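[1] starting from these lines, generate the structure:
(one chain, ligands or ions: 1)
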Amino acid sequence: MKSRRQFPDLRFILPLINWSLPTFNNKKSLLSKVVLIHDFKKIASRKVPKAVYDYVEGGAHQEVSLKRSVDAFLRVEFQPNVLRDISKIDTSVEIFGEKISIPVIFAPTGYTRMMHHSGEIAVAEIAKRNNLIYCLSTMGTTAPDELSLAVPDARLWFQFYLMKDRQASVKMIERAQKHGFEVLILTVDTPVSGIRARDIRNGLTIPPRIGIKTLFDMAKKPHWWLNLLTTAPLEFAAFRGYNEPLSQIAAKIYDSSLNYEDITWLRTVWSGPIIVKGVQSISDAEKLANIGIEAIVLSNHGGRQLDKGPVILELLPKVVEKVGHRIDVYVDGGFMTGQDVVAAIAFGAKAVLIGRAYLYGIMAAGSEGVQKVVDILVSEISNTMALIGVASMSEIKPEHVKLRNS
Ligand SMILES: Cc1cc2nc3c(=O)[nH]c(=O)nc-3n(C[C@H](O)[C@H](O)[C@H](O)COP(=O)(O)O)c2cc1C
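    You can find the predicted model right below:
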């Protein structure tokens, strides 16, 4: 049957018109276009020099670990239940006796002030505002005491590389403890540095050097360079006072003799919980559970260390089955959506650490970018929970998810 045509009636047309004026606030209009965290990647790549973007995005060697970690999320298949009361969804989870609003923790990332001049303090402020935990890296560009003074009462964890110089290590740990850092995360997947091909090709130095090539780059990214040159110099802030070039400090950080006995020793120095980050095997997870650490992070360092290692999302349920009743199992690597987070919880993770996700946000739009990343995660986690039929984190079970073969 043919539709009958009529003359347009203004009474029906007027309410359909959006009368709001276009926004002239650049950042607001930029953020309004971001729907998924992935949308931040393109914006970030336009805001910072290529070497900085590549430093964040890249992995080690041929980046096989990185690619496989990311691809694993495409194999997630939820097994939803319908007709469940999901009128009130609680996305919170308890970590060391206190709730955080979603099971997401800001992973330690070195040199954050190189990505955006607001750096670690901006990210920790967003963490605090959203009732989340921020983990400061030993390689941070803000010192532990500065951070805790700048963001009082935030929940702060300290990521630590046990250094060859044990006395210096103790000093650093004591400083973090004195300034209210709650948990020590010991990173153990860096007995040596990963071979980062992009950084080598780009000639990345920290801080960035100004050569002829850089001068061209300055013309293309004037804001980033202006911010770099007009704010405090980039440094490994926890090593302030060492009076040594950065390259020499970096060489001291990784102790290639680190072993299980050192972790037992660390127990005598740090009185709070210890989490070991960078575990990639069931046998190591079992050994760590046996020596009494509180938790592990299954992680391949975002694919930045050993290339062609295990796929962490595949390892997660196997490790949880073996040690999940004794220690908490955290996980990281490639988490960019709330669906990914819900899948990890279903596989038995206590919470997820995100690195690049918030770095894309800060590179693109400073602290507002990081806030938007959190907003997206909150909304996607809650949406996914509703759609699989669960109202709280404890209702998410292994039956809710499987990893397809392809
Ligand atoms: C730019 C960058 C710097 C990092 N720096 C550190 C660090 O200093 N210490 C550490 O334990 N992990 C570091 N990581 C690894 C993260 O803590 C985390 O394991 C990883 O980023 C998780 O993967 P994702 O970035 O895909 O979320 C870094 C990661 C990135 C991307």
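[2] could you say what helices and strands the one helix or strand Glu368 maps to packs with?
    If you go by DSSP states H and E, Glu368 is part of helix 356-388. When contacts are defined as 3 or more C-beta pairs under 8 Å, 6 or more residues apart in numbering; DSSP states H and E, helix 356-388 sits against helix 26-32, helix 39-47, helix 50-57, strand 76-78, strand 104-106, helix 112-115, helix 119-129, helix 338-346. In this view, the C-beta of every residue, glycine as well, is placed from N, C-alpha and C.
[3] swap in 7 Å and give it another go.
    Under the contact definition 3 or more C-beta pairs under 7 Å, 6 or more residues apart in numbering; DSSP states H and E, helix 356-388 sits against helix 26-32, helix 39-47, helix 50-57, helix 112-115, helix 119-129, helix 338-346.
[4] go through that helix and flag the buried ones.
    Neighbour-count burial for helix 356-388, counted by 16 or more other C-beta atoms under 10 Å, picks out 356-374, 376-378, 380-382, 384-385, 388.
[5] which ones, among those residues, also lie beside the ligand?
    Checking the buried residues of helix 356-388 against the ligand by C-beta under 6 Å from any ligand atom, the ones in range are Arg356, Ala357, Leu359.
[6] Val82: which of those is nearest?
    For these, the minimum distance to Val82 (C-beta to C-beta) is 30.0 Å, reached by Ala357.
[7] tell me who's in contact with the closest one.
    By C-beta atoms under 7 Å, 6 or more residues apart in numbering, the contact list for Ala357 reads Ile37, Phe335, Met336, Val373.
[8] got TSV for the residues you listed, with secondary structure and pLDDT too?
    Shown next, in TSV, are these (DSSP: H, G, I helix; E, B strand; the rest coil; pLDDT from 0 to 100):
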residue	secondary structure	pLDDT
Ile37	coil	98
Phe335	coil	98
Met336	coil	98
Val373	helix	98
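[9] which residue ranges of the chain form strands?
    Remark: strands assigned in the chain by DSSP state E are 76-78, 93-95, 98-100, 104-106, 133-136, 155-160, 183-187, 274-279, 295-298, 328-332, 352-354, 401-403.
[10] got a markdown table for these, with distance to the ligand, mean neighbour count and mean pLDDT too?
    What follows is these, written out as a markdown table (distance: least, C-beta to the nearest ligand atom, whole Å; neighbours: other C-beta atoms under 10 Å; pLDDT from 0 to 100):
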| stretch | distance to the ligand | mean neighbour count | mean pLDDT |
| --- | --- | --- | --- |
| strand 76-78 | 16 | 15 | 98 |
| strand 93-95 | 17 | 18 | 98 |
| strand 98-100 | 17 | 14 | 98 |
| strand 104-106 | 9 | 27 | 98 |
| strand 133-136 | 7 | 25 | 98 |
| strand 155-160 | 5 | 25 | 97 |
| strand 183-187 | 4 | 24 | 97 |
| strand 274-279 | 6 | 24 | 98 |
| strand 295-298 | 7 | 26 | 98 |
| strand 328-332 | 4 | 25 | 98 |
| strand 352-354 | 5 | 25 | 98 |
| strand 401-403 | 18 | 18 | 97 |
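[11] so where do the helices sit in the stretch 151-300 of the chain?
    166-178, 197-202, 212-220, 222-229, 246-253, 260-269, 282-290 (DSSP state H, counting those that start in this stretch).
[12] roughly how far does Asn81 sit from Ser45?
    Asn81 is 40 Å from Ser45, where distance means C-beta to C-beta, to the nearest Å.
[13] of the two, who's got more company?
    A count of neighbours by other C-beta atoms under 10 Å puts Ser45 above the other of Asn81 and Ser45, at 18 against 15.
[14] sorry, back to before: closest to Arg113 among the contacts of Ala357?
    Among these, and counting by C-beta to C-beta, the member closest to Arg113 is Val373, at 18.0 Å.
[15] chain neighbours aside, what residue packs nearest to the closest one?
    Gly361 (3.9 Å; C-beta to C-beta, 6 or more residues apart in numbering).
[16] which residues touch Lys350?
    Applying C-beta under 7 Å, 6+ apart, we find Lys350 in contact with Ala295, Asp328, Val329, Tyr330.
[17] quick one: contacts for the closest residue to the first one other than its chain neighbours?
    Here the nearest residue to Ala295 in space, its sequence neighbours aside, is Asp328; by C-beta to C-beta, 6+ apart that works out to 3.8 Å. Listed by C-beta under 7 Å, 6+ apart, the contact set of Asp328 reads Glu294, Ala295, Lys350.
[18] farthest pair in the contacts of Ala357?
    Counting by C-beta to C-beta, the most remote pair of these is Phe335 and Val373, 10.9 Å apart.
[19] now the residue of the stretch 301-406 of the chain found nearest the ligand: closest residue in space that isn't a chain neighbour?
    Residue nearest to the ligand within the stretch 301-406 of the chain: Gly355 (2.3 Å; C-beta to the nearest ligand atom). Closest residue to Gly355 apart from its sequence neighbours, by C-beta to C-beta, 6+ apart: Ala107 at 4.1 Å.
[20] and the one you found, how far is that from Asn290?
    Distance of Ala107 to Asn290, computed by C-beta to C-beta: 26 Å.
[21] more crowded one of the two?
    The residue with more neighbours, out of Ala107 and Asn290, is Ala107; 28 against 12, by other C-beta under 10 Å.
[22] my guess is that one contacts Asp332. True?
    Yes - between Ala107 and Asp332 a contact is recorded at 5.6 Å, counting by C-beta atoms under 7 Å.
[23] got any residues that touch both of these two?
    Both Ala107 and Asp332 are contacted by Leu353, Gly355, under the criterion C-beta under 7 Å, 6+ apart.
[24] show me the shaky parts of the stretch 201-350 of the chain.
    Within the stretch 201-350 of the chain, the segments meeting pLDDT under 70 span 206-208, 210-212, 214-215, 218, 242-248, 250.
[25] got the residues of it near the ligand?
    Lys277, Ser299, His301, Gly302, Arg304, Asp332, Gly333, Gly334, Phe335.
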